[in-house]
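> dropping a prediction and its sequence here:
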Amino acid sequence: MELSPIQKDILITLITLYHQSSHSIKGEEIAEVLRRNPGTVRNQMQALRALGLVDGVPGPKGGYSPTARAYTELNLGDLEHQFEVPIVRDGEKVKGVRVTELGFTTLCHPDLCQAVVKIIGSVKLFNMGDMVTIGPTPVNKLLVRGEVFGMDENREALLISVSEMISLPKRPISHYMSTPVRTLPITATFRDAIHLFNKHHIHGAPVLDDAGNLAGIVTLSDIARGLDAGSTLDAPIAQVMTTDVVIAPPSIRLYELVGRFKEREIGRLVVVENGKPVGIVTQSDIISIFPSF
């Protein structure tokens, strides 16, 4: 059957939103993504329903869901079991869009690198000059950033001028963490902490309780603030340590942790196994691995 461009846009957006949320999608949600009149979307939905491409779900929480025939009609294959590759603009994932193919059209030019980004969704959601980030891709964990300079509505593809490509490390953080971990007992004093920091040229250390489990973390900044507030060198570090420690298991991959440093505004993360610290990952470690960040 021959679908009109608006019908294809609606159907592709429905499928994309449906797989992102795993529940039926209201016509208003599709209209918002496509920047279309809700009435237009509802009218087209009736036609798509008559063609057997969508099912209607009644009730206040109802909406529409795609049928198996919709996937066949759009040659989407087994979308449900595909890895979702997002596209981000201005720090937010573009709703109703996922990347299916990334092809480079120029690589050898000394000053230019361009790519074609095929998407499921509508290219009409983008504008010339938009700065976008694609990825990470499932196999190589590749991130591509660039500026939209063209669109191909027939192929639902964006043309971008690539400004940066980063392949995120796939190894677990156990490969990058500092070990052995220098720790302090919860009974340690400011004096003990300063001695440990100076001896090992570090700026922070996990604090362990009497059973050897992680109880907190104390940094040189914590000690400085405590002294400035009037504490003495014999004051216990428990007065100034942070108990809400950001931790991670050694098996987690490094690229999954990068955002935590910015979100939590931390300088170091403790790697914990069976309740005990086994390593430290710091901002300096991240910077050395991601020089472009």
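Perfect, I can see it now.
> could you list the low-pLDDT ranges of the stretch 1-150 of the chain?
Along the stretch 1-150 of the chain, segments meeting pLDDT under 70 span 1, 20, 22, 76-82.
> what are the boundaries of the helices in it?
Assigned by DSSP state H, counting those that start in this stretch, the helices in the stretch 1-150 of the chain fall at 5-21, 27-34, 38-50, 68-73.
> among those, which comes closest to Tyr176?
Among these, the nearest to Tyr176 by Cβ to Cβ is helix 5-21 (31.7 Å). In short, each C-beta sits where N, CA and C put it, glycine included.
> how about the closest one: buried residues?
For helix 5-21, burial by neighbour count (16 or more other Cβ atoms under 10 Å) applies to 6-18, 20.
> residues making contact with that helix?
Under the contact criterion Cβ atoms under 8 Å, 6 or more residues apart in numbering, helix 5-21 has outside partners 3, 24-25, 29-30, 33-34, 36, 40-41, 44-45, 47-48, 53-54, 64-66, 70-71, 73-74, 76, 79-80, 84, 95-98, 120-122, 124, 153, 156.
> quick one on the thing from earlier: between the helices of the stretch 1-150 of the chain, which gets nearest to Pro249?
Evaluated over the helices of the stretch 1-150 of the chain, closeness to Pro249 peaks at helix 5-21, with 27.3 Å, by Cβ to Cβ.
> relative to helix 27-34, how tilted is that closest one?
Orientation check (axes from the mean of the first three to the mean of the last three Cα atoms, to 10 degrees): helix 5-21 against helix 27-34 gives 110 degrees.
> now helix 5-21 and helix 38-50, what's the angle there?
For helix 5-21 against helix 38-50, the angle between stretch directions is 90 degrees (the same axes, to 10 degrees).
> only C-alpha atoms, please: export helix 5-21 in PDB.
Provided in PDB are the C-alpha atoms of helix 5-21 (Å, rounded to 0.1, in the frame of the first residue of the first chain):
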ATOM      1  CA  PRO A   5       4.200  11.300   3.900                       C
ATOM      2  CA  ILE A   6       2.100  12.400   6.900                       C
ATOM      3  CA  GLN A   7       0.900   8.900   7.500                       C
ATOM      4  CA  LYS A   8       4.400   7.600   7.400                       C
ATOM      5  CA  ASP A   9       5.500  10.300   9.900                       C
ATOM      6  CA  ILE A  10       2.700   9.400  12.200                       C
ATOM      7  CA  LEU A  11       3.200   5.700  12.000                       C
ATOM      8  CA  ILE A  12       7.000   5.900  12.500                       C
ATOM      9  CA  THR A  13       6.600   8.200  15.500                       C
ATOM     10  CA  LEU A  14       3.900   6.000  17.000                       C
ATOM     11  CA  ILE A  15       6.300   3.000  16.800                       C
ATOM     12  CA  THR A  16       9.200   4.900  18.200                       C
ATOM     13  CA  LEU A  17       7.200   6.200  21.200                       C
ATOM     14  CA  TYR A  18       5.600   2.900  21.800                       C
ATOM     15  CA  HIS A  19       9.000   1.200  22.200                       C
ATOM     16  CA  GLN A  20      10.200   3.900  24.400                       C
ATOM     17  CA  SER A  21       7.300   3.700  26.800                       C
END
